[in-house]
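# Coordinates for the following, if possible.
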Amino acid sequence: MMASGRNDLDFYNVGFAGLFIGLAVLISWLLSLSLGVPLIVSSVRCLVQLQLLRLVLGPVFEQDDQPGLVLLATTVQLLLSAWEVSNRRSAHKGTYGRIFVAMLITVVPISIVASRFAMGEEVWWKPDRYIPMLGMILGNSISALSIGTSHAIDLASTSSSRDKIEVLLAHGATPTEACRTFFSESLRLAMLPTINQMSIVGLISIPGMMTGAILGGESVDQAALLQTVILFIISGASGLCSLVAISLTYASLFDAHGRLMPQQPASKGSWNVVQSFKSCWAERKRTRQRGPIHLEA
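Predicted structure coming up:
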């Protein structure tokens, strides 16, 4: 069936595209990669989740002046995003709470300001504009947070890294000063995918947002501008969110007296984020009392 000069897709097209997933599963089986089941599960999740999203967003997009619906959708997206990041092999105690707080205090304000000014929306909570943009920001933030926090936890779990931190603490360094090198490396790794994405866009890749806008009938000029705005928003939000989450992750390694605590057992669903804020606040008071020192790991 034709509509607006382009073909409408149905589940036949989805089934045909699924053959490429089957090819990837076959390759995994032939090479004994043990990726067949994860590929199938992820594909089924993708299909089911997108169909649920279609059923939910249809009625929501029809409500132009319902900020309560947007608030509900935002809350659900934040909860699911935090769960996705914390449900990783390397996640440990308090990860869920730290990720949720980091997203709440960075992604949400940035998305609101971006919708109002960068996107030029008089009413920033218009569902058909705000919710897709928030979804793209959270999607990219998940990747950055997964890389950054996993790297931070892995570094802090190695005996050599803990020994370096202990030595610096013994010389009078604060937790921030002792972890500065590790923190910088974690944040750099978290931002690399976003930086690489911006570096190749337009020359090598045509992003999904721009492709969707063009297929949806937008002019190429408007699609390019829209994609640029979205990428800039995503980069800033991912960077700031990673900064907060990684800071809270390293802070959680210390007690309120600035001492490195024993390695924490895995507890992916914990909301134990209070310890991170206590450590940050206690360190701030100690630093103000004695002034900073300059040490490197």
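# I'd say Ser81 and Ala102 touch.
No. Counting by Cβ atoms under 8 Å, Ser81 does not reach Ala102; the two are 10.3 Å apart. For the C-beta atoms, the positions are set from N, CA and C on the backbone; glycine is no exception.
# out of the two, which sits in the more crowded spot?
Using other Cβ atoms under 10 Å, the more surrounded residue of Ser81 and Ala102 is Ala102, with 26 against 23.
# packing partners for the helix or strand harbouring Ser141?
Assigned by DSSP states H and E, Ser141 falls within helix 127-157. When contacts are defined as 3 or more Cβ pairs under 8 Å, 6 or more residues apart in numbering; DSSP states H and E, helix 127-157 packs onto helix 36-61, helix 67-86, helix 95-113, helix 159-170, helix 180-200, helix 220-251.
# Give me the neighbour count for Ile206.
Per other Cβ under 10 Å, the neighbour tally for Ile206 reads 14.
# roughly how far is the helix holding Ser141 from the heart of the chain?
Distance of helix 127-157 from its chain centroid, counting by Cα atoms, centre = their mean, to the nearest Å, is 0 Å.
# list the buried ones in it?
127, 129-131, 133-138, 140-153, 155-156 (16 or more other Cβ atoms under 10 Å).
# So what does Ser219 look like in phi/psi?
phi -70, psi 160 (degrees, to the nearest 10).
# Check which residues of stretch 104-115 are buried.
Neighbour-count burial for stretch 104-115 flags Leu104, Thr106, Val107, Val108, Ile110, Ser111, Ala114, Ser115 (criterion: 16+ other Cβ under 10 Å).
# Quick one: distance of it to the chain centre.
For stretch 104-115, the distance to the chain centre is 13 Å (Cα atoms, centre = their mean).
# just stretch 191-202 next, same as before
Centroid separation for stretch 191-202 versus its chain: 15 Å, with Cα atoms, centre = their mean.
# Now do the contacts for Val201.
Taking Cβ atoms under 8 Å, 6 or more residues apart in numbering, we find Val201 in contact with Pro207, Gln227, Leu231.
# what pairs with it across the strands?
Beta-bridge partners for Val201, by DSSP bridges, are Ser205.
# Start at 25, not 1
Done: numbering now begins at 25, and the last item shifts to Val225.
# pull the helix or strand with minimum mean pLDDT from the chain.
Using mean pLDDT, DSSP states H and E, strand 26-27 stands out as the lowest-scoring helix or strand of the chain, at a mean of 44.
# Is Ala280 within a helix or a strand, and which one?
Assigned by DSSP H and E, Ala280 falls within no helix or strand.
# which intervals of the chain have sub-threshold pLDDT?
Low-confidence segments of the chain (pLDDT under 70): 25-30, 113-116, 287-321.
# care to break it down by domain?
Per automatic domain parsing, the structural domains of the chain span 25-86, 90-314.
# ranking the ones you listed by burial, who's on top?
domain 90-314 (a mean of 18; mean count of other Cβ atoms under 10 Å).
# Measure how far that one is from the centre of its chain, please.
With Cα atoms, centre = their mean as the basis, domain 90-314 stands 5 Å off its chain's centre.
# what's near enough to touch Leu211?
Per Cβ under 8 Å, 6+ apart, neighbours of Leu211: Gly172, Gly263, Ser266, Leu267, Ile270.
# wait, which of these is closest to Gly60?
When the contacts of Leu211 are ranked by distance to Gly60 (Cβ to Cβ), Gly172 comes first, at 29.3 Å.
# Isn't that closest one up against Val268?
No. Here Gly172 does not reach Val268: they are 10.4 Å apart, not a contact under Cβ under 8 Å.
# Once you drop chain neighbours, what's closest to Ile254?
Spatially, and ignoring its direct neighbours in sequence, Ile254 is nearest to Met233 (5.3 Å; Cβ to Cβ, 6 or more residues apart in numbering).
# SS state for the one you found?
With DSSP: H, G, I helix; E, B strand; the rest coil as the basis, Met233 sits in helix.
# Wait, it touches Ile161, no?
No. Between Met233 and Ile161 there is no contact under Cβ under 8 Å: 11.5 Å.
# how near is Ala194 to Asp187?
In this structure, Ala194 and Asp187 are 11 Å apart, going by Cβ to Cβ, to the nearest Å.
# ugh, wrong one, I meant Pro199
15 Å.
# hang on, the earlier thing: contacting residues around the residue nearest to Ile254?
Shown in contact with Met233 (Cβ under 8 Å, 6+ apart): Met160, Leu250, Gln251, Ile254.
# thinking the second one is in contact with Gly240, fair?
No. Leu250 sits out of contact with Gly240 when judged by Cβ under 8 Å, with a separation of 10.6 Å.
# tell me the contacts of Gly172?
Each residue near Gly172 by Cβ under 8 Å, 6+ apart is listed here: Ser210, Leu211, Leu213, Ala214, Ser266, Ala269, Ile270.
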